Structure formats: structure tokens, C-alpha cells
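Colleague: next one to model:
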Amino acid sequence: MSFVAEFSVRYPILREARACVPGIELETEDVRQTPDGRQRFVFWASGDDFEAFESGVEADATATEYSVLGDSGERRLYRVTLSESAGERTTHSVAAKHDIVFLDVTADSEETRIRARVPDRDALFAFRDACRERDLAFRLVGIYDGGGETADGRQYDVTASQREALVHALDAGYFDVPRRTTLSELADDLGISDQALSARLRRGQTGLVRSTLDGPSDT
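Modeller: Presented below is the predicted three-dimensional model:
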């Protein structure tokens, strides 16, 4: 029976660029292959210094070119074409081989967090082994049983950091009408940037809705 697994992988892709902005968070939108066989990533970036990140991308050996596709103020949408050597360190083809579907892919300055639909444990172990063969550190965070609960007791498709942000926001009155606190105040409390907190709250809310409301209605 299939399940949802959450795990982290330390990819070298854009690692130098990500390190330029410690509070940055990247959220993958799409992965395509160019006519010459290279991989092209489209992702949203949330952080407090996009100029530093872009300078980092220009100097990062894993990227050959990039474009800014959109800018909402708090986030920017990027398209980055990977170098040939960097493309060989990705694992999307491995996931496809084992019928693993990436549902969410997010990265910070240290690691990439992936939530994926996995057909069985053999497929998950095969993916883990493929990561290790590529010298990519793999860490299993949790396995969801399909009802919103992980093997370690975490519920509702929400990570520990997302839960912390959501609960703190609730306790501080961020969801009240009118609000009793601001995003900046919450971010200061948690020691992260406004953009990173905004992305964390958004992903946490998405997980809650997906695990509790995204299904057939009883009425």
C-alpha cells in the first residue's frame, strides 16, 4: 500500500547560492529538461536578500543561467538551468523509476525537504540507496499512514517547524480579526525572516487543508 514519506536530502545544487542567504527558502514549482538534455528548475524563493542570492547563483558552479520570472515582493520566481555535472546529482529520474511522486520540494540553506507519494517501502529504500550512491546525505523524517499521522505521532501533514510557526501564530493572535500581532513580530520571536515565516505558515496551512478537507464531502 502506498504512503506519504517526508525526507531530507543534502543536494549540492545551488548550495553556494543558498548559503549566501541563510534564511532563504526555495519551493520547487517545476522541473523540465532542455533540448540539450540539461535540467531546468522553476522555483519560488523567499528571503530577505534576493540580490545576494542572485549574485550567489551567478557564482554557483551548479547553475549555468537563470531568469527572474515573477516578483510578488515577498517572493521571487526563478528559472535556473543546471550545469551538466549538477544534473547528474539530481534524483528525479530515480524517483520516476520507482514510481515515487514528489508532492512538495523545499530547500533552505542547509538541506532539501521532500514530501513524496511512495508505492512501498522497497521503493523508498531504493531511493535512499540511490542518494547514498551519489554521496547525497539522506534522512528520513517521517512516514504518513494516509490518515494524516506519521510513524512518530506527528499529525495532519505538518512538519515540526510548520507546527511551531502555526501554533505560535495562533497563540499570539495572528489569525484573530483584527490581528493582535504582525508577521514581523512573529518572525522575530522565531528567529527567522518575514519571508521564511510566511512560506512556513503557507505550507503548514496547505498541509492541514490537504490532510483534513481535501477529499470527498459527506454531504
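
Colleague: partners of the residue nearest the centre of the chain in the sheet?
Modeller: Against the mean C-alpha coordinate of the chain, by CA atoms, centre = their mean, the closest residue is residue 106 at 1.1 Å. On the basis of DSSP bridges, residue 106 is bridged to residue 27, residue 113.

Colleague: touching, it and residue 18? I think so.
Modeller: No. With contacts counted by CB atoms under 8 Å, residue 106 stays clear of residue 18, the gap being 11.5 Å. For every residue, glycine as well, the C-beta is placed using N, CA and C.

Colleague: what residues are shared contacts of the two?
Modeller: Common neighbours of residue 106 and residue 18 (criterion: CB atoms under 8 Å, 6 or more residues apart in numbering): residue 26.

Colleague: got the CA positions of the worst-scoring helix or strand of the chain on mean pLDDT in PDB?
Modeller: Every helix and strand in the chain was compared by mean pLDDT, DSSP states H and E; the lowest is helix 194-212, with a mean of 81. Provided in PDB are the C-alpha atoms of helix 194-212 (Å, rounded to 0.1, in the frame of the first residue of the first chain):
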ATOM      1  CA  ASP A 194       9.500  37.500   7.500                       C
ATOM      2  CA  GLN A 195       9.600  35.800   4.100                       C
ATOM      3  CA  ALA A 196      10.700  32.400   5.600                       C
ATOM      4  CA  LEU A 197       7.900  32.600   8.200                       C
ATOM      5  CA  SER A 198       5.300  33.500   5.500                       C
ATOM      6  CA  ALA A 199       6.300  30.500   3.400                       C
ATOM      7  CA  ARG A 200       6.300  28.200   6.500                       C
ATOM      8  CA  LEU A 201       2.800  29.300   7.500                       C
ATOM      9  CA  ARG A 202       1.600  28.900   3.900                       C
ATOM     10  CA  ARG A 203       3.000  25.300   3.600                       C
ATOM     11  CA  GLY A 204       1.700  24.400   7.000                       C
ATOM     12  CA  GLN A 205      -1.800  25.600   6.200                       C
ATOM     13  CA  THR A 206      -1.600  23.700   2.900                       C
ATOM     14  CA  GLY A 207      -0.800  20.500   4.700                       C
ATOM     15  CA  LEU A 208      -3.600  21.000   7.200                       C
ATOM     16  CA  VAL A 209      -6.200  21.600   4.400                       C
ATOM     17  CA  ARG A 210      -4.800  18.700   2.300                       C
ATOM     18  CA  SER A 211      -5.000  16.200   5.100                       C
ATOM     19  CA  THR A 212      -8.300  17.300   6.600                       C
END
